[in-house]
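J.: Return a 3D structure for these sequence lines:
(chains A and B)
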Amino acid sequence: GENVEQHPSTLSVQEGDSAVIKCTYSDSASNYFPWYKQELGKRPQLIIDIRSNVGEKKDQRIAVTLNKTAKHFSLHITETQPEDSAVYFCAASEAQKLVFGQGTRLTINP
Amino acid sequence: NAGVTQTPKFRILKIGQSMTLQCAQDMNHNYMYWYRQDPGMGLKLIYYSVGAGITDKGEVPNGYNVSRSTTEDFPLRLELAAPSQTSVYFCASSYGYTGTGIQPQHFGDGTRLSIL
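T.: Below is the predicted model of the structure:
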């Protein structure tokens, strides 16, 4: 089955700098890759997603890139703000399901 | 439109007790999912359903049961609760597949369950 690896597990950046989180997946049949943000004690919320027919997608300060050949995809957050502090999860589709990475705890330092 | 509603929000159970975690969605989604999230960990799929009357096992189904008698509801039953089932349980739903492919999952607020 699908296996998703996410790195790093923790990331600390200065406010205003950029943050990058990377995920690799194992199943070349996966074709949908969402990213979720989870604040402490809250539910995961979808922030951006990308499908396998697209190499890059951007939404304001957030972007996701996908390299199907290498089977990895990344989340890029620019001009980070304190409210970006949270745990971020990547996921890859496996038939009707999603397989999640282990999460990255992002801390934005003022 | 409430989205995905989970009840209860918190519960403490004794070892060996049973309970049902409720999940309801009002978005007319066909697909529904149950995940557990242990402290500091990712989401592991317990069971999922692609429509009323259809359920299937996920990665960690042991100790749990589900049913899907309606499109809106997808309850998760714990039989003979064990300390290893202490976790946060999230229900999610989606439209499933459309012309553009698999659709995003939307999560409820979770149920925090402790087994003592």
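J.: quick one: strands adjacent to the longest strand seen in chain A?
T.: If each strand of chain A is counted by residues according to DSSP state E, the longest one is strand A:86-94. When sheet partners are counted by DSSP bridges, strand A:86-94 sits next to strand A:32-38 (antiparallel), strand A:97-100 (antiparallel), strand A:104-109 (antiparallel).
J.: and that strand, average pLDDT?
T.: Across strand A:86-94, the average pLDDT comes to 97.
J.: Low-confidence stretches in chain B?
T.: In the predicted model, chain B carries pLDDT under 70 at residues B:1.
J.: export the longest strand of chain A as PDB, just CAs?
T.: Listed next in PDB are the C-alpha coordinates belonging to strand A:86-94 (Å, rounded to 0.1, in the frame of the first residue of the first chain):
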ATOM      1  CA  ALA A  86       0.600  24.700  13.700                       C
ATOM      2  CA  VAL A  87       1.100  21.100  12.700                       C
ATOM      3  CA  TYR A  88       0.900  20.500   9.000                       C
ATOM      4  CA  PHE A  89       0.100  17.100   7.400                       C
ATOM      5  CA  CYS A  90       0.600  16.000   3.900                       C
ATOM      6  CA  ALA A  91      -1.400  13.100   2.400                       C
ATOM      7  CA  ALA A  92      -1.500  11.000  -0.800                       C
ATOM      8  CA  SER A  93      -4.600   9.300  -2.300                       C
ATOM      9  CA  GLU A  94      -4.900   5.500  -2.300                       C
END
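J.: What are the buried residues along that strand?
T.: For strand A:86-94, burial by neighbour count (16 or more other CB atoms under 10 Å in any protein chain shown) applies to A:Ala86, A:Val87, A:Tyr88, A:Phe89, A:Cys90, A:Ala91, A:Ala92, A:Ser93, A:Glu94. C-beta here means a position set from N, CA and C on the backbone, and glycine is covered the same way.
J.: Also stretch B:61-68?
T.: Of the residues in stretch B:61-68, B:Pro61, B:Tyr64, B:Val66, B:Ser67, B:Arg68 count as buried by neighbour count, 16+ other CB under 10 Å.
J.: Leaving out sequence neighbours, find the closest residue to the last one.
T.: Sequence neighbours aside, B:Ser49 is the residue nearest to B:Arg68 in space, at 4.2 Å (criterion: CB to CB, 6 or more residues apart in numbering or on different chains).
J.: partner residues bridging the one you found?
T.: Beta-bridge pairing for B:Ser49 (DSSP bridges): B:Met32.
J.: Now distance to B:Gly16 too, for the strands paired with strand A:86-94, in JSON lines please.
T.: Rendered in JSON lines, the data for those read as follows (distance: least, CB to CB, whole Å):
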{"stretch": "strand A:32-38", "distance to B:Gly16": "31"}
{"stretch": "strand A:97-100", "distance to B:Gly16": "31"}
{"stretch": "strand A:104-109", "distance to B:Gly16": "35"}
